[in-house]
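A.B. asks: just need the structure, nothing else, for what follows:
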Amino acid sequence: MTFMALTDTEQHDLRVIVEAFWGKHETANWEMNEELVAVISKMISEVKSCSQAMDLVPRPGVYLNPKDVQRELRKMARRVKEKGSSYWVCMLMGATNWKTEAARVAQGL
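C.D. replies: This is a model prediction of the structure:
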């Protein structure tokens, strides 16, 4: 697969993203390239899937009667409907799972 070179603006934007996930100290020597864009895209897709699934997870609580369960179902439905931002745990999982691959392509390996 042939990739085109990123513009300076695209490289800057990509650097902002990778630094947000792994920190400046980890990514300072990384080359901002199309292969890294592809890895970041896969990672972000995984984070979104995780976050969508987390919307359906009941929150800890005491369920003493059926009304408690109904309230929790209503909250779950609201989270799904609102489609909020990604969950921190999903972002952490994505960053952990994809760091090695991101570093590999950013170093031209």
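
A.B. asks: does Ala5 sit in a helix or strand, and which one?
C.D. replies: Assigned by DSSP states H and E, Ala5 belongs to no helix or strand.

A.B. asks: need the contact list for it.
C.D. replies: Contacts here follow Cβ atoms under 8 Å, 6 or more residues apart in numbering; on that basis Ala5 touches Asn33, Glu34. (C-beta placed from N, C-alpha, C; glycine too.)

A.B. asks: distance check, it against Val37.
C.D. replies: Separation of Ala5 from Val37 (Cβ to Cβ, to the nearest Å) stands at 11 Å.

A.B. asks: do the same with Val105
C.D. replies: Plainly put, Val105 is 9 Å away from Val37 if you go by Cβ to Cβ.

A.B. asks: center of the protein, which residue is that?
C.D. replies: In the chain, the C-alpha nearest the mean C-alpha coordinate belongs to Val47, at 3.5 Å (Cα atoms, centre = their mean).

A.B. asks: so that residue is in which element?
C.D. replies: Using DSSP H and E, Val47 falls in helix 34-54.

A.B. asks: average pLDDT for that helix?
C.D. replies: Confidence for helix 34-54, expressed as mean pLDDT, is 92.

A.B. asks: can you list contacts of the next helix or strand after that helix?
C.D. replies: Next in sequence after helix 34-54, counting helices and strands by DSSP H and E, comes helix 66-82. For helix 66-82, contacts defined as Cβ under 8 Å, 6+ apart pick out Gln52, Asp55, Leu56, Val57, Pro58, Arg59, Gly61, Val62, Tyr63.
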